[in-house]
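*Asks:* The following block contains a protein sequence and its predicted model.
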Amino acid sequence: MISRSTEQHGPHMTFETDTALAVAFAERLAGRFPGKLLVTPPIAVGISSHHMRFPGPMQLQPETFVALGRDMAPQTKVDMPRS
């Protein structure tokens with residue numbers, strides 16, 4: 001599962017920076033292991049307590065973030081073709 005942060009990166013980057021980087025990394029990694037990895041849609045909010053003093057970020061409590069992962073992970077099990 002891809003996780004990202006919703007936080008500012010200054011006036012030169014968007015709130016989507018972390019998502020774009022995480023998705024690109026996951027897709028590239030999956031491309032190196034065809035049929036072995038599943039790239040899921042990103043979880044839109046993570047843990048960004050170090051950015052909370054700036055305007056705009058959103059975050060989950062650590063317990064909520066872990067619970068979200070535990071709830072979603074079993075749903076990603078699929079029969080994938082073996083190469």
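*Replies:* Perfect, thanks for sending it. Residues are numbered from 1 along each chain as shown.
*Asks:* Residue 70 and residue 30, how far apart?
*Replies:* Distance of residue 70 to residue 30, computed by CB to CB, to the nearest Å: 22 Å. No exception for glycine: its C-beta is placed from N, CA and C like everyone else's.
*Asks:* the more surrounded of the two?
*Replies:* residue 30 (14 against 9; other CB atoms under 10 Å).
*Asks:* low pLDDT regions in this protein?
*Replies:* By pLDDT under 70, the low-scoring segments of the chain are 1-13, 49-56, 78-83.
*Asks:* which residue packs closest to residue 59, ignoring adjacent ones?
*Replies:* residue 48 (4.6 Å; CB to CB, 6 or more residues apart in numbering).
*Asks:* To what extent is that neighbour buried, counted in neighbours?
*Replies:* Residue 48 - counted by other CB under 10 Å - has 18 other residues nearby.
*Asks:* from what I can see it touches residue 60, true?
*Replies:* No: if you go by CB atoms under 8 Å, residue 48 and residue 60 don't touch, sitting 9.1 Å apart.
*Asks:* element containing residue 20, please.
*Replies:* Residue 20 belongs to helix 17-32 when assigned by DSSP states H and E.
*Asks:* next structured bit after that helix?
*Replies:* Downstream of helix 17-32 (by DSSP H and E), the next one is helix 62-72.
*Asks:* CA atoms of that next one as CSV?
*Replies:* What follows is helix 62-72, C-alpha atoms only, in CSV (Å, rounded to 0.1, in the frame of the first residue of the first chain):
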residue,chain,number,x,y,z
PRO,A,62,-0.6,7.0,14.6
GLU,A,63,-3.2,4.6,16.0
THR,A,64,-5.7,5.5,13.3
PHE,A,65,-3.0,5.2,10.6
VAL,A,66,-2.0,1.7,11.8
ALA,A,67,-5.7,0.7,12.0
LEU,A,68,-6.3,1.9,8.5
GLY,A,69,-3.5,-0.2,7.2
ARG,A,70,-4.6,-3.3,9.1
ASP,A,71,-8.1,-2.9,7.8
MET,A,72,-7.0,-2.5,4.2
